[in-house]
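A.B. asks: A structural model of the following input is requested.
(chains A and B, ligands or ions: 3)
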Amino acid sequence: MKYTTFNQKVSNPLTEPMFFGNPVNVARYDQQKHNIFEKLIEKQISFFWRPEEVDVSKDRVDFQKLTDSEKHIFISNLKYQTLLDSVQGRSPNIAFLPIVSLPELETWIETWSFFETIHSRSYTHILRNLFSDPSDVFEDIVLNDEIKLRASDISRYYDDLIFATQLWQTQGEGRHHVDGQDYLINQRELKKKLYLCMNSVNALEAIRFYVSFACTFAFAEREMMEGNSKIIRLIARDENLHLTSTQHILNIWARGKDDPEMKEIAEECHDQARDIFIKAVEQEKQWASYLFQHGSMIGLNKDILCQYVEFIATHRMSAIGMESPFEVTTNPLPWMNNYLNSDNVQVAPQESEISSYLVGQIDSEVNADDFGDFDL
Amino acid sequence: MTSETSISEDMDKTRIIYQVRLVNTPGPLPCTSKCSLLDSLESHQLEVHSHCREGFCGACRTKLIHGEVEYITDPLAYIDDDEILPCCCVPKSDLVIKLG
Ligand code: FES
Ligand SMILES: [Fe+2]
Ligand SMILES: [Fe+2]
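C.D. replies: Numbering: from 1, shown residues only, chains lettered A, B, ... in the order given. Ligands and ions are numbered 1, 2, ... in the order given. Predicted coordinates for the structure are as follows:
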């Protein structure tokens, strides 16, 4: 079916499925089939932040004090997060917008992706402060084997869905021969690809950041790289919201509250979806080994980190009705919760270390003492 | 029913203590309607999994076996019909819950 940017066919968005119904025409939010997405949009917009508001200049001094193995941990994590947000800043738009059928979900997808672009911009902000020329770091992202291994798994399900949708849009249902390969395109196949893609995105939002988050916050526990940690806390808060959205989508399907065919597919592909999640967990644990290959960092080692990933995975699998193969039942890194608590994220500048949280256009070179009893 | 309505209306003025029982744990814990159920449970030295403490991440998802709660913040995380988010609700009656 050809995509149209303004579908002139009269349709009722209250009876459309989330995906693969009629393309959205009027962007209206006065009525919603699944009002959760409208609430998520509001919440996400209320979280708006700009990387430049967080002063990371103190981190430059801290970074020089890190050991080589700690530098490796810090920079590798930033590279990996840069990859993840590069993918997330575009892929939900490219993969889901052509097939979405509800205005509130369409706008949620755009809002979600937009926030991923803020995350991407924040990595440049962090790296520019650490290196006069951060090119080497960015350039290594497409060369580094460890990152490449993850990149191909993360983009695979998106790419599959995007290509199948393009074939469907241009050539319709049927068997198509492209570049020496056969593709079977029909609604059921497209929906299966969508289901697997959504599961892969859900796994990404659920666990792929957590090894990196744990390292960042372990530095912050030692009062190191605190500007970076502030940024990562803002990112973590956003990621939690993104995860909530993919959990809602998966649960709405599985409970037959949307498209009955998606409920069937959810049952049919349950094992495959679970494998996607478990594979992501395994990759994160391997990432922990890679990070610590030259040595650990204070407060964290590979084993604790792997246990933490399993602990988080168990919770997040159960949220979408998946049985976890992992046995960790108590949180091995309880201090992580303090950093993931949204109350602690945007503290009023006058209440916290003023030097590391600056509002608006205030010169980042300003000294904490200059503020005195400054009241906003 | 009537008494419960008046309880929530009076929430600002009155502080009501309900008994919250945890499955597999001896004895009920007194919890107030004045602060979130999560805060109350933590004040009894219980370790409850939580991240956002604002109802949008789902980390605190808990089974409600018996009783009623009232949300002080609109919960955004996905929960089943028999589940609650202790970080953003208060007890509205005595409760029986099972931590996740
Ligand atoms: S702690 Fe996030 S929903 Fe309760
Ligand atoms: Fe992100
Ligand atoms: Fe995200």
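A.B. asks: name the spans of chain B whose pLDDT lies under the cut-off.
C.D. replies: Applying pLDDT under 70 to chain B flags residues B:1-14.
A.B. asks: which parts of it are helices?
C.D. replies: B:2-9, B:37-43 (DSSP state H).
A.B. asks: right, is stretch B:51-71 up against ligand 1?
C.D. replies: Yes: Stretch B:51-71 comes into contact with ligand 1 (Cβ under 6 Å from any ligand atom), by way of B:51, B:52, B:53, B:55, B:56, B:57, B:58, B:59, B:60. All C-beta spots, glycine's among them, are computed from the backbone N, C-alpha and C.
A.B. asks: grab the nearest non-local neighbour of the residue nearest the centre of chain A.
C.D. replies: Geometric centre of chain A, nearest residue: residue A:205, 4.1 Å, by Cα atoms, centre = their mean. Of all residues not flanking residue A:205 in the chain, residue A:243 sits nearest, at 4.1 Å (Cβ to Cβ, 6 or more residues apart in numbering or on different chains).
A.B. asks: and the one you found, what element?
C.D. replies: Element membership for residue A:243 (DSSP states H and E) is helix A:226-254.
A.B. asks: what are the buried residues along the following helix or strand past that helix?
C.D. replies: Using DSSP H and E, the next helix or strand after helix A:226-254 towards the C-terminus is helix A:260-268. Using 16 or more other Cβ atoms under 10 Å in any protein chain shown as the test for burial, helix A:260-268 gives A:262, A:263, A:265, A:266.
A.B. asks: just checking, the second one touches residue A:252?
C.D. replies: No: using Cβ atoms under 8 Å, residue A:263 is not in contact with residue A:252; the gap is 9.5 Å.
A.B. asks: so where do the helices sit in the stretch 51-200 of chain A?
C.D. replies: A:57-65, A:68-91, A:103-130, A:135-140, A:145-171, A:187-203 (DSSP state H, counting those that start in this stretch).
A.B. asks: turn these into JSON lines, including distance to residue A:283.
C.D. replies: Putting the helices of the stretch 51-200 of chain A into JSON lines (distance: least, Cβ to Cβ, whole Å) gives the following:
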{"stretch": "helix A:57-65", "distance to residue A:283": "27"}
{"stretch": "helix A:68-91", "distance to residue A:283": "10"}
{"stretch": "helix A:103-130", "distance to residue A:283": "20"}
{"stretch": "helix A:135-140", "distance to residue A:283": "19"}
{"stretch": "helix A:145-171", "distance to residue A:283": "6"}
{"stretch": "helix A:187-203", "distance to residue A:283": "10"}
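A.B. asks: how about the CA coordinates for the host helix or strand of residue A:271, as CSV?
C.D. replies: In the assignment (DSSP H and E), residue A:271 maps to helix A:270-291. Output of helix A:270-291 as CSV, limited to C-alpha atoms (Å, rounded to 0.1, in the frame of the first residue of the first chain):
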residue,chain,number,x,y,z
HIS,A,270,6.9,-15.5,22.0
ASP,A,271,10.0,-17.8,22.1
GLN,A,272,11.8,-15.8,19.4
ALA,A,273,11.1,-12.6,21.2
ARG,A,274,12.4,-14.1,24.4
ASP,A,275,15.6,-15.1,22.6
ILE,A,276,16.0,-11.6,21.4
PHE,A,277,15.9,-10.4,24.9
ILE,A,278,18.3,-13.0,26.3
LYS,A,279,20.7,-12.4,23.5
ALA,A,280,20.8,-8.7,24.4
VAL,A,281,21.5,-9.6,28.0
GLU,A,282,24.4,-11.9,26.9
GLN,A,283,25.8,-9.1,24.7
GLU,A,284,25.7,-6.7,27.6
LYS,A,285,27.6,-9.1,29.8
GLN,A,286,30.2,-9.6,27.1
TRP,A,287,30.4,-5.8,26.9
ALA,A,288,31.2,-5.8,30.6
SER,A,289,34.1,-8.2,29.9
TYR,A,290,35.4,-6.0,27.2
LEU,A,291,35.2,-2.9,29.4
